[in-house]
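J.: Sequence and predicted model, in that order:
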Amino acid sequence: MAFAIGNFAWRILNVFPITRHLSASYAPSGIFVIAVVATLVIYGFRTTLEGRPVFKGLLDS
């Protein structure tokens with residue numbers, strides 16, 4: 001599963017151009033790709049935690 005998601009992310013990041021110039025005609029497709037990859041990253045992170053808190057014990061004194 002990790003290989004499939006990684007391969008998908010790699011392919012769409014290579015196909016769709018990403019730019020810092022938001023006035024470019026292809027900027028919306030780059031923003032969409034970044035949003036899709038970020039969603040996959042967040043979903044994978046949340047799935048890995050399995051409901052556990054992110055900062056458990058880090059802030060306890």
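T.: Yep, that arrived.
J.: Check which helix or strand residue 34 maps to.
T.: helix 27-49 (DSSP states H and E).
J.: Pull out the buried positions in that helix.
T.: Residues of helix 27-49 classed as buried: 29, 30, 33, 37 (neighbour count, 16 or more other C-beta atoms under 10 Å). C-beta: built from backbone N, CA, C; applies to glycine.
J.: which residues touch the first one?
T.: In other words, residue 29. Listed by C-beta atoms under 8 Å, 6 or more residues apart in numbering, the contact partners of residue 29 are 16, 17.
J.: now do 10 Å
T.: 12, 15, 16, 17, 18, 19 (C-beta atoms under 10 Å, 6 or more residues apart in numbering).
J.: separation between the most centrally placed residue in the chain and residue 24?
T.: Geometric centre of the chain, nearest residue: residue 38, 1.9 Å, by C-alpha atoms, centre = their mean. Per C-beta to C-beta, to the nearest Å, residue 38 is found 20 Å from residue 24.
J.: do the same with residue 56
T.: Counting by C-beta to C-beta, the gap from residue 56 to residue 24 is 43 Å.
J.: Name the residue in these two with the higher neighbour count.
T.: Between residue 56 and residue 24, residue 24 has the larger neighbour count (other C-beta atoms under 10 Å), namely 12 against 9.
J.: mind showing which ranges of the protein have poor pLDDT?
T.: 57-61 (pLDDT under 70).
J.: before we move on, back to that, please convert the buried members of the contacts of residue 29 into PyMOL selection syntax.
T.: Buried residues among the contacts of residue 29 (16+ other C-beta under 10 Å), as a PyMOL selection:
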select buried, resi 12+16
